[in-house]
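> My questions are about this predicted structure, shown below with the sequence.
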Amino acid sequence: MIIRTASFIKSSLSPGDYPSPAKPEFAFIGRSNVGKSSLINMLTGVPGLAKTSGQPGKTRTINHFSIDDKWYIADLPGYGYAKVPVRMRVEWTALVRKYILERPNLVSLFVLIDSRHKPQASDLEFMEFLGVSQVPFARVFTKSDKLNETALQRNIAAYDDAMLGMWESLPETFITSATKRRGRNDILSYIEDSINKFSPAG
Ligand code: GTP
Ligand code: MG
């Protein structure tokens, strides 16, 4: 799939603000600082489209982008160690959960996982919540440029082991690097296939 235009639509703090659910939508989620916004910029080929930061907790609203006037990307606030007041964290969690469970045009979620780390409880718990809620998702192991291939495969295998304890099969899995543009074609092909299966008109 070739992306010709990608533009920011709006930031939302409540479901009433979201763009109308007329087009298929793909959302990016994961712990703060995992590289959600960087991945969106890499996939769309528009640097600076989604705001990135070295400081965790940069994305605090649900940000929608329009791709080729055909589908939407949603950049979600990160979960995990954002240095923000508990009250705000509780608000984001409620907003994100509601989004995931109720957004009618959400085709698939990309759950981003930092490929440098051993399995993290927050990531495993979040994917468990998706499984129990029957929300389709794919795993994306980010920042693969920061470690060698052996360590990368070892960390992914550790996630597989942790998940196979409770899952019968593993979700679709991608390996990315925003700096090396790794994983771009794989994810765009997956999105294209998913859009073709999603037909609002029936
Ligand atoms: P929040 O919005 O705060 O939750 O963060 P985010 O998940 O959107 O992360 P963001 O894209 O802002 O990236 C966080 C930091 O990681 C930035 O300093 C990025 O430059 C860096 N980063 C993201 N992806 C990659 C990658 O693939 N490789 C490398 N080397 N750095 C990356
Ligand atoms: Mg972000």
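Okay, I see it. Ligands and ions are numbered 1, 2, ... in the order given.
> Please list the residues of this protein that sit near ligand 1.
Counting by CB under 6 Å from any ligand atom, the positions of the chain adjacent to ligand 1 are 32-38, 52-54, 56-59, 78, 142-143, 145-146, 177-179. For the C-beta atoms, the positions are set from N, CA and C on the backbone; glycine is no exception.
> Generate a PyMOL selection restricted to the buried subset of these.
Burial among the residues of the chain next to ligand 1 is assessed by 16 or more other CB atoms under 10 Å; the matching PyMOL selection reads:
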select buried, resi 32+33+34+35+36+37+38+52+56+57+58+59+78+142+143+177+178
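> Among the residues of the chain next to ligand 1, which lie within strands?
Within the residues of the chain next to ligand 1, residues falling in strands by DSSP state E are residue 142.
> Can you tell me which of the residues of the chain next to ligand 1 end up in helices?
Within these, residues falling in helices by DSSP state H are 36, 37, 38.
> gap between the last one and residue 4?
In this view, residue 38 and residue 4 are 21 Å apart by CB to CB, to the nearest Å.
> Equivalent analysis for residue 91, please.
Taking CB to CB as the measure, residue 91 and residue 4 are separated by 36 Å.
> These two - which one has more neighbours?
Between residue 91 and residue 4, counted using other CB atoms under 10 Å, residue 91 has the larger neighbour count: 15 against 9.
> what helix or strand is the more buried one on?
Assigned by DSSP states H and E, residue 91 belongs to helix 86-102.
> what's the closest of the ones in helices among the residues of the chain next to ligand 1 to ligand 2?
The nearest member of those to ligand 2, counting by CB to the ion, is residue 37 at 3.4 Å.
> Could you check how many residues crowd around the residue lying closest to the closest one once chain neighbours are set aside?
Nearest residue to residue 37 in three dimensions, chain neighbours excluded: residue 50, at 3.7 Å (CB to CB, 6 or more residues apart in numbering). Residue 50: 24 surrounding residues under other CB under 10 Å.
> Residue 74 against residue 66, yeah?
No. Under the criterion of CB atoms under 8 Å, residue 74 makes no contact with residue 66, lying 10.9 Å away.
> Look at those two and report which has more neighbours.
More crowded of residue 74 and residue 66, by other CB under 10 Å: residue 74, with 24 against 17.
> what does the helix or strand where the more buried one lies rub up against?
Residue 74 belongs to strand 71-75 when elements are defined using DSSP H and E. With contact meaning CB atoms under 8 Å, 6 or more residues apart in numbering, strand 71-75 is reached by 6, 9, 19, 23-28, 36-37, 40, 43-44, 50, 59, 62-67, 99, 103, 105-106, 191, 195.
> Over to stretch 115-123?
With contacts defined as CB under 8 Å, 6+ apart, stretch 115-123 is touched by 30-31, 79-80, 111, 113-114, 141-144, 146-147, 151-152, 155-156, 158-159, 162, 175.
> redo that, cut-off 7 Å
Contacts with stretch 115-123, where a contact means CB atoms under 7 Å, 6 or more residues apart in numbering, come from 31, 79-80, 113, 141-144, 146-147, 152, 155, 158-159, 162, 175.
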